[in-house]
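Visitor: Here is the input, now give the coordinates:
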Amino acid sequence: MDKQSSDFAGFSLADKPFIWDPSSGPETRQYVRYGMKQLIFVLNGPNLNMLGKREPGIYGASTLSDIEALCRSEGEKLGVEIEFRQSNHEGDLVTWIQEAGEKKAAILINPAAYTHTSIALHDAIRAAAVTLVEVHLSNIHARESFRHHSYVSPLAKGVICGFGVDGYVMGLRALVKAAAPQ
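Guide: Modelled structure (predicted):
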């Protein structure tokens, strides 16, 4: 892979993944290199199982299976393990966030409609103390005003929206970069 194609937004794919141990506190930024691959949970909220059928003018023609294949392919390139999940139920997402915290995994999350309504997701993310990137297929700030507020964003390392399925690749790369020693 040439340098130009291996770099994206300043993130070198040659970086070796490390996992930040959130129990060490943000001030110390201690990193622990594990013998296993960095684990990233890719969590998808309600109605994302309908991608490809539901409002393709807004969300595109790609299905959730297409996004999963894209994430797994990118995960292999980045040397990370991907745990890909989707649920229409808020409690499932809360449980998976807690599981990610226990496993010291990072999270790439598209909370979908729960972005704007779920204090439960906010509280679970805060309690899990995980490194998290929020992603949305559409630009939520160019849509209805009720979509402009996120209960997840204040706890996220970053937010990516409006780039379609490419946002998932950007989010995975950002999480790997965030976990690397500075």
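
Visitor: what's the helix or strand for residue 52?
Guide: Residue 52 belongs to no helix or strand when assigned by DSSP states H and E.

Visitor: Need the pLDDT of it.
Guide: pLDDT for residue 52: 91.

Visitor: That one: how many residues sit nearby?
Guide: Number of residues near residue 52 (other Cβ atoms under 10 Å) recorded here: 15. For every residue, glycine as well, the C-beta is placed using N, CA and C.

Visitor: mind listing what it touches?
Guide: Counting by Cβ atoms under 8 Å, 6 or more residues apart in numbering, residue 52 makes contact with 60-64, 66.

Visitor: then stretch 108-128 to PDB, C-alphas only?
Guide: This file holds the C-alpha atoms of stretch 108-128, laid out as PDB (Å, rounded to 0.1, in the frame of the first residue of the first chain):
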ATOM      1  CA  LEU A 108     -18.000   3.300  17.300                       C
ATOM      2  CA  ILE A 109     -21.700   4.000  17.700                       C
ATOM      3  CA  ASN A 110     -24.500   5.000  15.500                       C
ATOM      4  CA  PRO A 111     -27.200   5.500  18.100                       C
ATOM      5  CA  ALA A 112     -29.700   6.500  15.300                       C
ATOM      6  CA  ALA A 113     -32.900   8.000  16.800                       C
ATOM      7  CA  TYR A 114     -31.600   7.300  20.400                       C
ATOM      8  CA  THR A 115     -29.000  10.000  19.700                       C
ATOM      9  CA  HIS A 116     -31.700  12.600  20.500                       C
ATOM     10  CA  THR A 117     -33.700  10.900  23.200                       C
ATOM     11  CA  SER A 118     -31.600   8.400  25.300                       C
ATOM     12  CA  ILE A 119     -30.400   9.500  28.700                       C
ATOM     13  CA  ALA A 120     -29.900   5.800  29.300                       C
ATOM     14  CA  LEU A 121     -27.200   5.600  26.600                       C
ATOM     15  CA  HIS A 122     -25.600   8.700  27.900                       C
ATOM     16  CA  ASP A 123     -25.400   7.300  31.400                       C
ATOM     17  CA  ALA A 124     -24.200   3.900  30.200                       C
ATOM     18  CA  ILE A 125     -21.400   5.500  28.200                       C
ATOM     19  CA  ARG A 126     -20.400   7.700  31.100                       C
ATOM     20  CA  ALA A 127     -20.300   4.700  33.500                       C
ATOM     21  CA  ALA A 128     -18.400   2.500  31.100                       C
END
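
Visitor: Out of the contacts of residue 52, the closest to residue 87 would be?
Guide: Nearest to residue 87 out of the contacts of residue 52 is residue 64 (Cβ to Cβ; 11.4 Å).

Visitor: Residue 100 - that's part of a helix, no?
Guide: Yes: counting by DSSP: H, G, I helix; E, B strand; the rest coil, residue 100 is found in a helix.

Visitor: tell me the centre residue of this protein?
Guide: Centroid check for the chain by Cα atoms, centre = their mean gives residue 108 as the closest residue, at 1.0 Å.
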